[in-house]
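Visitor: pasting the structure only:
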């Protein structure tokens, strides 16, 4: 269904919103993942400073976050395909309706619009002499029953 004030249908707007939201969530997961990369780069320093069980929990959290990032990538791909499909449908409908909503005078007999070709001249009947009934122009247009009012 189209939005009341015009514009794109609600379904297309929602697909765009979901795609943006999924992309934003994936971006929010990148900084913590980048910080946890410190554990891999400086493994010996991390083992000295961080107790063993906490280090294992941090590494497990990093693995979970990496898994969530890959799953979020799949969600974004699906949302992108869905958004593209709806926008293509919207574009196809708009393209077709641009021609179907034309008045019949602006269409060729086969239904195509006349442009860019010019519209052919209208077919008019041969000129005819207009014949007036007898007494034309001498009618009294005064209102019957009205006293004292004469229009002509």
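Guide: Thanks, I have it. Bear in mind the structure is a predicted one, so any value in this text is a computation, not a measurement.
Visitor: just checking, what packs against the helix or strand hosting residue 17?
Guide: Using DSSP states H and E, residue 17 maps to helix 10-41. In terms of contacts (3 or more Cβ pairs under 8 Å, 6 or more residues apart in numbering; DSSP states H and E), helix 10-41 is packed against helix 52-100. Where C-beta positions appear, they are placed from N, C-alpha and C, glycine not excepted.
Visitor: what's the angle between the helix it packs on and helix 10-41?
Guide: On the basis of axes from the mean of the first three to the mean of the last three Cα atoms, to 10 degrees, helix 52-100 is oriented at 150 degrees to helix 10-41.
Visitor: now residue 87: closest residue in space, sequence neighbours ignored.
Guide: Residue nearest to residue 87 in three dimensions, not counting chain neighbours: residue 12, with 6.1 Å by Cβ to Cβ, 6 or more residues apart in numbering.
Visitor: surely that neighbour and residue 86 touch.
Guide: Yes - between residue 12 and residue 86 there is a contact under Cβ atoms under 8 Å: 4.8 Å.
Visitor: tell me where the model's unsure across the chain.
Guide: The chain contains residues with pLDDT under 70 at 1-7, 92-102, 114, 116-122, 124-152.
Visitor: recalculate using a threshold of 90.
Guide: When residues are selected by pLDDT under 90, those of the chain lie in 1-13, 29-59, 61-62, 85-152.
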